[in-house]
Each structure stands twice: as C-alpha cells, then as structure tokens.
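Student: only geometry, no sequence info:
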C-alpha cells in the first residue's frame, strides 16, 4: 500500500498520518524508535520531512522510521509500508494434499509432549507446527496440526528487510555493515505475523512445538544468525556448506531451540531447516523437489522457481543439474518505479487495445502498481503491437509508456532495461542447463513453474518475450508456492527429511558464469524475443 498524505498539523509524524488514514503500522516500542518495526519507504516528498534521527542511523535513503520522520514542509508526502498483506496461494481442502503417513518427531502422550522421544512439555491438548518459507520478497507461514496434517491457519507478509536492499547481494553487504539489523527485522516481522495468526485461530503459542523453515541460502542463514559474507564472494558458499564439505558437519540442515532464535512459539520447541543444495541453491528449492516428488519422477523435466534469485533444475531422467540465476527483484516489485509484489491493487494482467490499456488488478481495485505477471503482459503486448523493439526501445523513442494516466502509472525505458536483465538471467539458466544435458526445450516432458507470481503468468507471453524457453505450453505446470508445500511435507515427515538429505547430494551444481560463452548468451537474452537454443 502506498499512503499519500499532507500534514494538517505541523510536527505530525508519518506514524500519526498512518493513524489518520486508518493504516495499521507495526510497532512494539511505543513509537520511541527502538523496535525498528515501522520502517517505511518514502516514495515522494522526502524533502518535507525532518532529518533522520539517531534511531534511524541504520537506514539509508529513501527509508525512514515512521515514528521518527516528522512532516516539516508543505509538500505532499507519499510513503510505502514494508509489511503488506499479500495474496496467498493455498490448497482448498483440509489436509492440503499431504499423501504421506504423518511421521512428525513431535508426539503427544499421556505423560506429555515428546520430541524424538525426549520429553519436551506437558500435554496442552494440541500439537501445532509451522511451515515457513522465508523469501527475499515475501514470507509465508502455514500452521498445521502435527497429528492430523490439517491446515489450521496461513498468513503471508512482505519481507521487511527491503531497507537492506532488494536483492541477495545487497542484503549480504548490508548485513556486513550493520550486523544483526536484518535478522532482527525478520524476527520481529515473523513474530508479529505468528502472534496475529495465533490470536485469529485461537491457539496458545506454547502448543507450537516445531517450525520447519525453508529459504535461499542467504535468507536462511540470516535467520539463524550465521555470517553470510562468504555467500557474497567466490565461491559463493554458505559457511554451513563449507563446514559440511570439510567434514565438520554431517548435514547442511540446521536446528535450534525456539528460545535461542527468539521465535514466538513454545520456547523449548525446535526450529529446523531443510538442507542446502549448493551455493545460492538453498533450502527453498530443496523443498520444491519434495513438493513435486521430483526425486521419484521419470522422464525429462525442468523446474523453474522464479524469484529475486531464480533457481533452475533440469533432469534428463538420469542426471539432475541445478543452477542459480541472479535475476534480481525487477519482476518482484524492485527496480521498476511502479513495480510491486502480488498484493491488492497490483496490475496482474494487461492487454493493449485500440482504446488503450485494459488492466486487471488484484482485488479489482484501482491500480497502485504492477506485479510480475502484469509486467510480462505489458512487455509482450508492446512487442505484439510494435510499440517496443526487441531491445526495449519504445516507439518514437519515447522515454516512457503511460499505463494508467489517471493513476500516473508508467513503464519507463529504464524499467524495461532492468526487466530485460532480469529475464536474461532466467533465460540463461534454462538454456545452459538444457545444453549441458543435450535436451531441446520443446522435448521436455514436464516444465514446472514455481514462485509467487508464476501461477498468474501468461505462458504464451512469457515465451514470446524470452522469459521462458521455447517449451511446449501444454507441458507447463504452474505449481504455486512449492517451497512452502515442501516445507509442509518435511514438517510432517521424518522419512521425507532423510530422503531429501540423500537426494540433494546427487544434484550437480552448474556455475553459469563459468560457462565460456555466458556473456554472449546473456547479451542475446536481454532482447525481448523468443529464446533461441544455447
């Protein structure tokens, strides 16, 4: 949500303005600047605000603490919350498609609750677990009954770490400059969401005995308090992965007590993560494999988990290759002026007609910005109507295209350039892995699209601009948030955890930038046209 306000009373803070606009702003320090929960992004009118206070010293422009930023000028100030409620993709039936016999390490017995045979707590009448997907842009939390597998609650929020940068490498740099700030922001946001959902479904946090966490290598390690600096420099490996390769650890999976991590659940409960695959290929894509039963699938397939850091996994039925694509946040709301995640008000579909743009927004409300599926539609329609060249130059060399004049929403040449680079990273990952295995894109038996906006992408448009390889559209399966579904299965099954540990060790990691012609492929893939075979 972007809030637009003009202060009627001198000295009013942005937090005060949020109150006036009936916008819920998170805070747990009585607006003193200590909790750092009310971070907002200033969209316009920053000059009308007071200078940053000492409490805001960890932030860079255009981010402020709403409780500290005071309006001192007459200009209209616009600010954006960093913790919006997002559209959530969930299964509609009660057991959420869990086919396995439930094999949780948590057991309720007359003598109390046990974890792997060790007494953990008195019996409080219920045992709940959390499946958590820590995305760079979004966080999804599912609440499941550990005895029945029933989904009892689900919530999703934006990752509040945007003040540390919109992509992984910037987050790593920020964490080095301000150790602990990103972790604290994540923990506070996570706990705020858990508390709210506990209240909504009427449970005591003490009945939450295990949380299973997935996320890319950086997000996961920040959450666990592991130094992530090694992931930001060659050979781009987590400190945990390095210790595993050196034989210091038996697994790259992690487990800590809830009280040690400060998670809002039973203090003696366990917070467990899936193992990493390699480098930036983290626990989230490992969970994807579990969700889709890919370790048991025959024939050729390709999995593309689209996000700020896109992961591509390809198999010819025998070998399994995986690569990480540093796509950046352009299709997830970053680096595009009017880009935004899949929240209410986001343009998710667009069609160019003789009368102008016909737009569909999430929630059928006036548009506030454009999410990933909408951006793909815009680019494909511009190409289809000869309003943009393959190199992203608009007709008559216009600096921008007006998408919604009444709301002031545009797509600029710079936006198109950032989108071109993001989709080129995705395209190179697909092309190089297919080439390694000697498979043509159209020969793939199955193509799985995972990730926040993948469920709403127009496949034909994605192929037309080269976002997807030239696959057979009928073989494409949109699988939504497979990461959280995999986390759910792993939460409920110790057998699944053991099987995944064995499977990830068979996956071959391909470093895209080490491919001899990577730069040439990347430059070619920056053009908005169907992707040619590598």
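Tutor: The structure has been received and is ready for your questions. This is a predicted model, so every value here is computed, not measured.
Student: ok, the spatially most central residue of the chain - contacts?
Tutor: By CA atoms, centre = their mean, the chain has its centre lying nearest to residue 135, at 3.1 Å. Residue 135 is in contact with 159, 215-216, 219, 284, 307-308, 452, 483, counting by CB atoms under 8 Å, 6 or more residues apart in numbering. Where you see a C-beta, it was placed from the backbone N, CA and C, and this is true even at glycine.
Student: from these, which ones fall inside helices?
Tutor: Those of the contacts of residue 135 mapping onto helices are 219, 284, 483, per DSSP state H.
Student: take those residues and write them to TSV, including distance to residue 169.
Tutor: Converted to TSV, the ones in helices among the contacts of residue 135 look like this (distance: CB to CB, whole Å):
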residue	distance to residue 169
219	13
284	17
483	21
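Student: could you export those residues to CSV, including columns for pLDDT, distance to residue 349 and neighbour count?
Tutor: Shown next, in CSV, are the ones in helices among the contacts of residue 135 (pLDDT from 0 to 100; distance: CB to CB, whole Å; neighbours: other CB atoms under 10 Å):
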residue, pLDDT, distance to residue 349, neighbour count
219, 96, 29, 28
284, 96, 26, 33
483, 94, 24, 34
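Student: of those, closest to residue 155?
Tutor: Using CB to CB, residue 483 comes nearest to residue 155 of these, at 15.6 Å.
Student: ends of stretch 104-124, how far apart?
Tutor: This stretch, stretch 104-124, spans 17 Å end to end (CA to CA, to the nearest Å).
Student: still on that earlier bit, right, and out of the contacts of residue 135, which lies closest to residue 440?
Tutor: Within the contacts of residue 135, distances to residue 440 taken as CB to CB reach their minimum at residue 307, with 25.8 Å.
Student: per-residue pLDDT of that closest one, please?
Tutor: Looking at residue 307, its pLDDT stands at 82.
Student: any stretches of the stretch 51-200 of the chain with poor pLDDT?
Tutor: 82-100 (pLDDT under 70).
Student: could you pull out the helices for it?
Tutor: 168-177, 181-201 (DSSP state H, counting those that start in this stretch).
Student: go through the shortest one and flag the buried ones.
Tutor: For helix 168-177, the neighbour count (16 or more other CB atoms under 10 Å) marks 168-172, 174-175 as buried.
Student: tell me what it is packed against?
Tutor: helix 181-201, helix 217-224 (3 or more CB pairs under 8 Å, 6 or more residues apart in numbering; DSSP states H and E).
Student: between the last one and helix 168-177, what angle do the directions make?
Tutor: Read that as helix 217-224. Using axes from the mean of the first three to the mean of the last three CA atoms, to 10 degrees, one finds that helix 217-224 and helix 168-177 are set 30 degrees apart in direction.
Student: please apply the same query to the first one.
Tutor: Compare the direction of helix 181-201 with that of helix 168-177 by the same axes, to 10 degrees and you get 110 degrees.
Student: for the stretch 401-534 of the chain, just list every one of the helices.
Tutor: Counting by DSSP H, counting those that start in this stretch, the helices of the stretch 401-534 of the chain are 413-437, 459-464, 482-492, 494-504, 518-525.
Student: right, and the ones you listed - which one's nearest residue 229?
Tutor: helix 413-437 (22.6 Å).
Student: buried ones in that closest one, by neighbour count?
Tutor: 415-416, 418-437.
Student: before we move on, what about stretch 148-165?
Tutor: For stretch 148-165, burial by neighbour count (16+ other CB under 10 Å) applies to 149, 151-165.
Student: ends of it, what's the gap?
Tutor: End-to-end distance for stretch 148-165: 40 Å, by CA to CA.
Student: ditto for stretch 154-172
Tutor: 29 Å.
Student: now residue 267: how far from residue 52?
Tutor: Per CB to CB, to the nearest Å, residue 267 is found 36 Å from residue 52.
Student: may I have the phi/psi pair for the spatially closest residue to residue 416 that is not a sequence neighbour?
Tutor: Nearest non-adjacent residue to residue 416, counting by CB to CB, 6 or more residues apart in numbering: residue 392, 4.0 Å away. Backbone torsions of residue 392, given as degrees, to the nearest 10, read phi 90, psi 20.
Student: please renumber so the chain begins at 6
Tutor: Sure, I'll start counting at 6 from here, so that last one is residue 397.
Student: tell me the SS of the residue lying closest to residue 534 once chain neighbours are set aside?
Tutor: Using CB to CB, 6+ apart and skipping residues adjacent in sequence, the residue nearest residue 534 is residue 395, 4.6 Å away. Three-state assignment for residue 395 (DSSP: H, G, I helix; E, B strand; the rest coil): coil.
Student: from what I can see residue 395 touches residue 532, true?
Tutor: Yes - judged on CB atoms under 8 Å, residue 395 makes contact with residue 532 at a distance of 4.2 Å.
Student: so which of the two has more stuff around it?
Tutor: Shown here are residue 395 and residue 532; by other CB atoms under 10 Å, residue 532 has more neighbours (19 against 14).
Student: tell me the one of the buried residues of stretch 153-170 nearest residue 320?
Tutor: Scanning those for proximity to residue 320, where the rule is CB to CB, the winner is residue 154, at 28.5 Å.
Student: ok, back up a step: got a list of what the residue nearest to residue 421 touches?
Tutor: Counted by CB under 8 Å, 6+ apart, residue 397 has contacts 418, 421-422, 424-425, 531-533.
Student: doesn't residue 401 lie inside a helix?
Tutor: Yes - counting by three-state DSSP, residue 401 is located in a helix.
Student: for it, give its distance to residue 422.
Tutor: In terms of CB to CB, residue 401 sits 18 Å off from residue 422.
Student: just want the phi and psi numbers for residue 81.
Tutor: Phi and psi for residue 81, reported as degrees, to the nearest 10, are phi -70, psi 130.
Student: out of the contacts of residue 397, which is nearest to residue 72?
Tutor: Once CB to CB is applied, the member of these that ends up nearest residue 72 is residue 424, at 35.0 Å.
Student: need the phi and psi values for residue 271.
Tutor: phi -60, psi 120.
Student: OK, contacts around it?
Tutor: 125-126, 210-214, 263.
Student: what does residue 365 give?
Tutor: Per CB under 8 Å, 6+ apart, neighbours of residue 365: 352-355.
Student: now swap in residue 377 and tell me
Tutor: Neighbouring residues of residue 377 by CB under 8 Å, 6+ apart: 311, 336-337, 347, 457-458, 462.
Student: redo that, cut-off 7 Å
Tutor: Neighbouring residues of residue 377 by CB atoms under 7 Å, 6 or more residues apart in numbering: 336-337, 458.
Student: can you check residue 441 too?
Tutor: Taking CB under 7 Å, 6+ apart, one finds 326, 515 in contact with residue 441.
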